[in-house]
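*Asks:* Need a 3D model of the sequence below.
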Amino acid sequence: MTAIPTTPPPEGCIDTQVLDHVLLIGINRPAKRNGWTPRMFRELAEAYTRLDDDPSLRVGVLHAFGDHFTAGLDLPAVAEYMKRGEKAIPEGLVEPHDFGLPGYRRREKPMVVAVKGICFTVGIELMLGADIVVAADNCRFSQMEVQRGIMATGGATLRMAERAGLGNAMLHLLTADEFDSAEAYRLHFVQKVVPAGQELDEALRIAQRIAAQAPLAVVATRLNVMKAIEQGPLAAVADFIPVQQRLANSEDADEGVRSFVERRPARFSGR
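*Replies:* Next up is the predicted model:
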């Protein structure tokens, strides 16, 4: 598919488009290789918050306009925030990196990401903070903060080691080297690699498949996986019976039984 961007202001913006139950979230500053500014961070958090708050939306797809996902931070634009120890995202919103900062909400609904071309620093961290990543085969990845005298603080120091092991994480975090889509796939940073130009279509196909499932069950399943990763297996197991009981008493669970008996696709309402 082809998402249609608005004409962005010089500091860039985030465009959104609704396709049935999917919210397309487009990074829109292609003239600057989608370098991130404070406005873009704020609007991205607003889009993630909209996804969680709108009951008609079930899945998000993060993508980018232009040839590249992002060249990373627009350092002159965000340097003062870093010096003051501030975030460009207002408190109370869903924080797109999703690592549980005080004052911010955690995302509940699934997020699929389509990356292409250059995907540096914050781009890697946003995709690692999502759930499923589709990469074009022309991607160039680099977590290059140490090259700029700063530290990755969008989740790379947490999630690279979690996905790829300590040695692989240190290799890419400490050298600021550049690696390709095949390496990202080997390290479990991305889940699929497709020919360049097909990444958004594939991400949308996955999102639509997720959106066809029972929404309450999708959210509960995602949150249980995250609890197991962050708090350990016992914490996740403790939720099995109460969460399953809540789901079993939902309208969607009744519809699941009816569709099974009637041998037809289920029509879920999210209730």
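*Asks:* Report the central residue of the protein.
*Replies:* Taking Cα atoms, centre = their mean, the centroid of the chain lies closest to Ala130, which sits 2.7 Å from it.
*Asks:* And that residue, its phi and psi?
*Replies:* phi -90, psi -160 (degrees, to the nearest 10).
*Asks:* mind listing the strands in this protein by residue range?
*Replies:* For the chain, applying DSSP state E gives strands covering 13-19, 22-28, 59-64, 111-115, 118-120, 132-136, 140-142, 179-180, 192-194.
*Asks:* Turn those into a markdown table, including mean pLDDT.
*Replies:* Compiled in a markdown table, the strands of the chain are given as follows (pLDDT from 0 to 100):
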| stretch | mean pLDDT |
| --- | --- |
| strand 13-19 | 97 |
| strand 22-28 | 98 |
| strand 59-64 | 98 |
| strand 111-115 | 98 |
| strand 118-120 | 98 |
| strand 132-136 | 98 |
| strand 140-142 | 98 |
| strand 179-180 | 98 |
| strand 192-194 | 98 |
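*Asks:* So which of the ones you listed is nearest Val78?
*Replies:* strand 118-120 (14.0 Å; Cβ to Cβ). No exception for glycine: its C-beta is placed from N, CA and C like everyone else's.
*Asks:* what does that closest one contact?
*Replies:* Strand 118-120 is contacted from outside by 33, 68-72, 127, 135, 139-144, using Cβ atoms under 8 Å, 6 or more residues apart in numbering.
*Asks:* Can you tell me which of these lies closest to Leu23?
*Replies:* The shortest gap between Leu23 and any of the contacts of strand 118-120 belongs to Met127, at 16.7 Å (Cβ to Cβ).
*Asks:* Please tell me how far the residue nearest to Arg33 when sequence neighbours are not counted sits from Gln245.
*Replies:* Take Arg33 and drop its neighbours on the chain: the residue closest to it by Cβ to Cβ, 6 or more residues apart in numbering is Ala71, 3.8 Å away. When distance is defined by Cβ to Cβ, to the nearest Å, Ala71 is 48 Å away from Gln245.
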